[in-house]
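# I'd like to go over a predicted model; first the sequence, then the structure.
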Amino acid sequence: DTIMTLKATTNGIVPAGKLTLAAMEGIFLSNSLTSATANKALVINSDADSTGGGSLTVDDGKTVTSTNSDITITAWDLNLQGTAAITAGTLAITIHGASPSQTFGIGATAMNMQITDGELGRTSCAGGLTIGSTTSGSMTLNGVTDPNSDAIGLLTLLTTKAGGTISFATGASSFDKGIVLQAAKGVDFTVDATTNSGYLTINADVGNAAEGQDTISFTDDRTLIADDKMTLVATTSGITGAGKLTLEAKAGIYISNHLTISAPAETLVFNADLDANSAGTLTVASSKVVTSGKSDVLVTAWDVNMA
């Protein structure tokens, strides 16, 4: 009921089917774990009493392989030491925090749980990676790179508990696949972000509660790029830009709520058909207004739809 250590030096750890590992003060996998059967879930809870002391640690050079089965991890922190890796093959990995309001750092920012860019690069799950839940605290993304996100499918980040925010800060982030962001109290960009394959969907006001600052917000001279469609939703407080803002997508841009630029004499740029393949429409939802704050607006699109 405290720390669990599993060691099998010669042949490793081999579950024949579904396996659940649970401990209160952490789980240490000293050797590789390889499931013998596909489609049998692997569930690991290294902080079963939710006190904030239980990390999942995989030793250097070892791999957790679920053999095309879903993996669910609940932990205070995830530590893939050295070259350790985790793979769900064609299926998905879900990572939950152990404690309510636990914070997450993805990339170079340390939070309660930090998944570094290198650890992300040693995570493989074509079925997608979900981080967070309805009880999670805020998240910060800093310097995620395309090469280290190329082995995961759709990335979904959830911080939908009241007060939960998602911030892109310090270093720009680039994602090899699509990304879905869901926050209760805002998504803010002080650096640029890009998806190089797949869509980009942001809901900065899940639950539509009037919590204040539940916006999609951009500092001056920000660029957001989606390889597919871009959808921006911030029901209560809308989308705000402090200066020049560039939004680009290959398969269309959908503005669900008011978009307002606060600084004059800047430029608001929309390119809804970035690859010029005649498929990208700029759509502004019914009764919503794009206000440039006495700044120029430049639109490139196959069509413009003021729904």
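Received it, and whenever you're ready, just let me know what you need.

# What number of residues are in the vicinity of residue 150?
Residues lying near residue 150 (other C-beta atoms under 10 Å) number 15. In this view, the C-beta of every residue, glycine as well, is placed from N, C-alpha and C.

# In contact with residue 115, which residues?
Applying C-beta atoms under 8 Å, 6 or more residues apart in numbering to residue 115 gives the contacts 78, 95, 104-107, 123, 131.

# err, residue 153, not the other one
By C-beta under 8 Å, 6+ apart, residue 153 lies in contact with 92, 125-129, 177.

# Can you tell me which of the contacts of residue 115 has the most neighbours?
Ranking these using other C-beta under 10 Å puts residue 106 first, with 27 neighbours.

# If we go by neighbour counts, what in stretch 145-155 is buried?
Buried residues in stretch 145-155, counted by 16 or more other C-beta atoms under 10 Å: 145, 148-149, 151-155.

# Tell me the one among those residues nearest to residue 113.
Residue 113 lies nearest to residue 155 out of the buried residues of stretch 145-155, by C-beta to C-beta, at 15.3 Å.

# Looks like that closest one contacts residue 174 (just checking).
No. The criterion here is C-beta atoms under 8 Å, and residue 155 misses it with residue 174 at 11.8 Å.

# Throw the contacts of residue 115 into TSV and include distance to residue 189, secondary structure and pLDDT, thanks.
As requested, those are exported to TSV (distance: C-beta to C-beta, whole Å; DSSP: H, G, I helix; E, B strand; the rest coil; pLDDT from 0 to 100):
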residue	distance to residue 189	secondary structure	pLDDT
78	25	strand	97
95	23	strand	98
104	17	strand	98
105	16	strand	98
106	14	strand	98
107	14	strand	98
123	24	strand	98
131	18	strand	98
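
# tell me, what's touching residue 155 and residue 174 both at once?
With C-beta under 8 Å, 6+ apart as the test, residue 155 and residue 174 both reach residue 149.

# now residue 257: how far from residue 288?
Separation of residue 257 from residue 288 (C-beta to C-beta, to the nearest Å): 6 Å.

# out of those two, which sits in the busier spot?
Neighbour totals were compared for residue 257 and residue 288, and residue 257 leads with 22 against 16 (other C-beta under 10 Å).

# who's in contact with the more buried one?
232-235, 238-239, 285, 288.

# And those, which is closest to residue 186?
residue 234 (7.6 Å).
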